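Asks: attaching a predicted model along with its sequence, questions to come.
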Amino acid sequence: MSAEKDVYKQNDLAILTIVSPTDCFLTVTDVDEKGEGTVLFPNKFVQDNRIKANVELVLPPPGAGFQYRLKDRGVETVTAVCSDSRDSVDGIKHDFAKQAFTPVPDYARSVAKTRSIAVEVTKVADAGKVAPPPAPAPGPAPAPAPAKVKRELFRTAIKIKVE
């Protein structure tokens, strides 16, 4: 992912370019210095977020009917996430009937809900000793039903300074 410039003037228009090494479903989110985000893509105008491998995607697309204006001074972080599923990423839920661009009031919290590993103590072991592993169940275990797991194929981010 890249922007035309690293440093913009306040009220400039931004154009982003993204090329994925694989077919995927793309979500692009802008996050300001306060941690408040807005999903730039997909949106009400361009809801189909499937992109083709090695094909340059320009955002906003020509003739899209919207533009990205950099209104506030500071540093914007623009993230791009590609996954193998159309489902939302980072816990973001779109409702294009209500809003053209999905707000993410606390992006770090949203990401933390979906990306953190929680470590939980389940049994207190004697000091300095490690609890033994549980004994295997008798007989063969039934094979679990295969589940489709959504995979994040890649995540990247750029910083844009607005003066």
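Replies: Arrived safely, thanks for sending. Numbers count the residues shown, from 1 in each chain.
Asks: tell me the helix or strand right after the helix or strand bottoming out on mean pLDDT in the chain.
Replies: The least trusted helix or strand in the chain, going by mean pLDDT, DSSP states H and E, turns out to be helix 107-115, with a mean of 59. Next along the chain after helix 107-115, taking DSSP states H and E as the criterion, comes strand 152-162.
Asks: who are the packing partners of that next one?
Replies: Using 3 or more CB pairs under 8 Å, 6 or more residues apart in numbering; DSSP states H and E, the elements in contact with strand 152-162 are strand 2-3, strand 7-8, strand 74-83. Using the backbone N, CA and C atoms, a C-beta is placed for each residue, glycine as well.
Asks: that one pairs with which strands, and in what direction?
Replies: Take DSSP bridges as the rule and strand 152-162 pairs in its sheet with strand 7-8 (parallel), strand 74-83 (antiparallel).
Asks: the very next helix or strand once past the last one pairs with which strands?
Replies: Per DSSP H and E, strand 74-83 leads on to strand 103-104 as the next helix or strand towards the C-terminus. Strand pairing for strand 103-104, using DSSP bridges, gives strand 37-41 (antiparallel).
Asks: residues contacting residue 24?
Replies: Contacts for residue 24 (CB atoms under 8 Å, 6 or more residues apart in numbering) come out as 50, 51, 53, 82, 83, 84, 153, 154.
Asks: does the residue most central in space within the chain have beta-bridge partners, and which?
Replies: Centroid-nearest residue in the chain, with CA atoms, centre = their mean: residue 81, separated by 4.3 Å. Note on residue 81: beta-bridge partners by DSSP bridges are residue 27, residue 155.
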